[in-house]
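Chemist: What would the 3D arrangement of this be:
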Amino acid sequence: MTKTEAGNTVIYKPGGGLRIMLTISFALLLIFLANAVAGSIWLASRSLYGDAAVFLVMFGLGAVLIMLNAIFLFAASHVEVRMEPEKCVMTLPNWRGPTPLFPYTQMQIPYKDIAAVETRGEIYHYFMLPVAVHASSFVRKDGKRYMLGYMRESSEDHAVPYREIADELARRAGVGVNYRGVVAGGARARAIMNDEPDWETATLDEAKIAELRSKETVFMKTAAVLFIAFVVVGLAFQIIKLTGAV
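Modeler: This next block holds a predicted model:
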């Protein structure tokens, strides 16, 4: 995260480290996809249809991963929140649950027009495994709600600090931050199609929250290992097949 202060103006944007990480993973996935396409064509031309089908499956999985990577890389390059003396100028995505989709919107909101700043936890499921995120929003005096953004509950690193932004926005607007508890967000794909849960959704009990967060810790570590293994093993498989090592 990059935070720049100049007088009474504060600018928040994703840090360079996040962009570098996402750029490297994007490049690796691009190489992976190129090899998968070339390998599938080459193998099919030699009547090795089974191996060609495996390459096509790897291409499909890689295409999904690179699309998600590109979405978050674009967000890391374009999201910005500028707190000026009398207003907040924001460039934010069209949040669909915790996914930063298009179109991006630049808005200016005078602090005097803010009625409330509200935050809550949301727990989404990826293939039945939970991921907890912290959601921050503000409500204008005309009743319209705007999402500031999402970040993982368990991490401040490599992210726009939406908790801090919500606190600063509330301070400048002269309102408190209202924490609305933790709600179930459902499946990630459902959130992309139907948006996040309504802000009047009933909250989860503490025992359920603790259980889901415990599962999330294991899931995130496992997902990171599986992603690296998928790319490395996939590339190794492609190289072996194409060079005739086996």
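Chemist: The helix or strand that contains residue 108 packs against which elements?
Modeler: Secondary-structure element containing residue 108, defined by DSSP states H and E: strand 99-110. Under the contact criterion of 3 or more Cβ pairs under 8 Å, 6 or more residues apart in numbering; DSSP states H and E, the helices and strands touching strand 99-110 comprise helix 49-78, strand 87-96, strand 145-152, helix 188-194. To be clear about C-beta, it is placed using only N, CA and C from the backbone, and glycine gets the same treatment.
Chemist: in the third one, what's buried?
Modeler: By that I understand strand 145-152. 147, 148, 149, 150, 151, 152 (16 or more other Cβ atoms under 10 Å).
Chemist: Show me which of the residues you listed is closest to residue 51.
Modeler: Minimum distance to residue 51 across the buried residues of strand 145-152 is 38.4 Å, recorded for residue 152 (Cβ to Cβ).
Chemist: For stretch 225-239, give me every contacting residue.
Modeler: Counting by Cβ atoms under 8 Å, 6 or more residues apart in numbering, the neighbours of stretch 225-239 from elsewhere in the structure are 28-29, 31-32, 35-36, 39, 54-55, 58, 61-62, 65, 245.
Chemist: Let's have these in CSV, adding distance to residue 135 and pLDDT.
Modeler: Below are the contacts of stretch 225-239 laid out as CSV (distance: Cβ to Cβ, whole Å; pLDDT from 0 to 100):
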residue, distance to residue 135, pLDDT
28, 30, 90
29, 28, 92
31, 35, 91
32, 32, 89
35, 38, 86
36, 36, 89
39, 42, 87
54, 40, 86
55, 39, 88
58, 34, 88
61, 29, 89
62, 30, 90
65, 24, 90
245, 49, 45
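Chemist: Distance check, the closest residue to residue 110 other than its chain neighbours against residue 201.
Modeler: With Cβ to Cβ, 6 or more residues apart in numbering as the measure, residue 87 is the residue that lies nearest to residue 110, at 4.6 Å, once sequence neighbours are left out. Using Cβ to Cβ, to the nearest Å, residue 87 is found at 31 Å from residue 201.
Chemist: Residue 3 sits in which helix or strand?
Modeler: Counting by DSSP H and E, residue 3 is found in strand 2-6.
Chemist: what are the pairing partners of that strand, and which direction each?
Modeler: Within its sheet, strand 2-6 is paired with strand 9-13 (antiparallel), according to DSSP bridges.
Chemist: Show residues contacting the strand it pairs with.
Modeler: Applying Cβ under 8 Å, 6+ apart, the external contacts of strand 9-13 come out as 1-5, 79-85, 160-161, 164-165, 168.
Chemist: For PyMOL, write the select line for the buried members of those residues.
Modeler: Here is the PyMOL selection string for the buried members of the contacts of strand 9-13, based on 16+ other Cβ under 10 Å:
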select buried, resi 1+79+80+81+82+83+84+160+161+164+165+168
